[in-house]
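Trainee: Predicted model and sequence follow; I will ask about them next.
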Amino acid sequence: MSSTEKQDLLAIDDLVDDLEDIIDWAIRYKHDTGIYADFLPLDGMAIGSIYEKPSTRTRVSFERGVHRLGGQPMTLLANDIQLGKSESIGDTAAVLSRFLDGITYRCFGHADVVELARTATVPVLNALSDMHHPCQSAADLMAIREFGKSDGHIAWVGDGNNVFHDLALAGLALGHDVKYATPAGMEPDAGVLARCEAIAAKTGATITGTNDPVEAVGDAGVIYTDIFVSMGEEHMKDKFAAFEGFQVNEELVAHADPDYVFMHCLPAHRGEEVTDGVIDSRNSIILDQAENRMWAQMSLLTYLVNNDAWHAYNEL
Ligand code: CP
Ligand code: NVA
């Protein structure tokens, strides 16, 4: 991107060409702690984070990460601000753009973060919508790189949801094959799958879908699941019944490579989509994934909010 135009992160394929470098930077932030002595790309800047849904990892990792980059984090909970009550997204975006250097937004409908990005004059990062969770996928691909999972495909078992969409887009972009198993009727969004196929055609990776979890996890290097009923879907009680047979348990993971890694974006509903025996096993890397949210978001913020600094340091 040119240094004069702002760029937003609505879904991870917005950054597909630079994703590898963004993950390199995240790993550098994590391991080269001396970097902070003279590199504070958000010095004098402020990042506001709007939450319409609860959050533990996203909120804490953004607050801590912005602070580490020299910036001021500002958490804006939906109940405390005018958005959604007496002010439009466009007016909120325009006003916040006068105070802030970047905005993160966790919302219900994806169209809302698209509208915020359209009307804000500063970069907007999607901090989870019903369709996408790009910050999660950057942290996830960072963890997959760290654990050396370049062999064996990424297997998804469960709902074809927001977390899956960005995991698949990012995984395929970085050359990982993806196999997903969902119940009939819970498949990923067709438009996102078309974007996945377009990326796969470029990288040579493959994406395949099935309704059989055993088929998806056979010889997998990574097994990933998420809650069956996402935030905002609490009224869809019938949905839960469709996931009979989709629990990631000891019997299912026995079909994977013995050194597979288990991943989950968290929060987990233990005993529903995953057993304690799997999530607490030696194969589980859930805490590394969670920690990586901060490092990955620091890299994303540097790239989006101070792209000149990102390029200058990238060339060192
Ligand atoms: N994975 C994730 O986004 O967690 P939080 O909902 O706690 O932010
Ligand atoms: N799919 C889940 C992810 C939570 C981090 C949700 O949207 O609720």
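Mentor: Now that the structure is in, tell me what you want to look at. Ligands and ions are numbered 1, 2, ... in the order given.
Trainee: contacting residues around the closest residue to Ala94 other than its chain neighbours?
Mentor: Counting by Cβ to Cβ, 6 or more residues apart in numbering, Thr119 is the residue found nearest to Ala94 once chain neighbours are left out, at 6.1 Å. For every residue, glycine as well, the C-beta is placed using N, CA and C. With contact set as Cβ atoms under 8 Å, 6 or more residues apart in numbering, Thr119 has these partners: 89-90, 93-94.
Trainee: touching ligand 1 at all, the helix or strand hosting Trp295?
Mentor: Per DSSP states H and E: Trp295 is located in helix 286-305. No. Helix 286-305 does not reach ligand 1 (Cβ under 6 Å from any ligand atom); its nearest approach is 7.0 Å.
Trainee: I'd like the next helix or strand past that helix.
Mentor: helix 307-314.
Trainee: tell me what that following helix is packed against?
Mentor: helix 19-31, helix 286-305 (3 or more Cβ pairs under 8 Å, 6 or more residues apart in numbering; DSSP states H and E).
Trainee: Get me the contact residues on the stretch 201-316 of the chain for ligand 1.
Mentor: Proximity of the stretch 201-316 of the chain to ligand 1, by Cβ under 6 Å from any ligand atom, involves residues 265-267.
Trainee: okay if I get the helices and strands packed on helix 307-314 as a markdown table plus distance to ligand 2, mean neighbour count and mean pLDDT?
Mentor: Output for the helices and strands packed on helix 307-314, formatted as a markdown table (distance: least, Cβ to the nearest ligand atom, whole Å; neighbours: other Cβ atoms under 10 Å; pLDDT from 0 to 100):
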| stretch | distance to ligand 2 | mean neighbour count | mean pLDDT |
| --- | --- | --- | --- |
| helix 19-31 | 19 | 19 | 94 |
| helix 286-305 | 10 | 23 | 98 |
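Trainee: hang on, Met142 is in a helix, isn't it?
Mentor: Yes. Counting by DSSP: H, G, I helix; E, B strand; the rest coil, Met142 is located in a helix.
Trainee: Now do the contacts for it.
Mentor: For Met142, the contact set (Cβ under 8 Å, 6+ apart) comprises 23, 26-27, 292, 295-296.
Trainee: which SS class is the residue nearest to Asp166 when sequence neighbours are not counted?
Mentor: In space, and not counting its chain neighbours, Asp166 is closest to Ser137: 3.6 Å by Cβ to Cβ, 6+ apart. Following three-state DSSP, Ser137 is assigned to helix.
Trainee: Quick check: Ser137 vs ligand 1, distance?
Mentor: 11 Å (Cβ to the nearest ligand atom, to the nearest Å).
Trainee: Am I right that that residue is in contact with Phe164?
Mentor: No. Using Cβ atoms under 8 Å, Ser137 is not in contact with Phe164; the gap is 9.4 Å.
Trainee: In which helix or strand does Arg282 reside?
Mentor: Arg282 is part of no helix or strand, with elements assigned from DSSP H and E.
Trainee: what about it, how many neighbours?
Mentor: The number of residues packed near Arg282 is 8, by other Cβ atoms under 10 Å.
Trainee: contacts for stretch 238-252?
Mentor: Stretch 238-252 is touched from outside by 157-159, 181-186, 213-214, 217, 223, 225, 228-229, 233, 262, 272-275, 277-278, with contacts defined as Cβ under 8 Å, 6+ apart.
Trainee: which residues in the stretch 201-316 of the chain form helices?
Mentor: 213-217, 237-241, 250-253, 276-279, 286-305, 307-314 (DSSP state H, counting those that start in this stretch).
Trainee: got the residues of the stretch 151-300 of the chain near ligand 2?
Mentor: Residues of the stretch 151-300 of the chain that fall close to ligand 2, judged by Cβ under 6 Å from any ligand atom: 161-163, 226-227, 230-231, 265.
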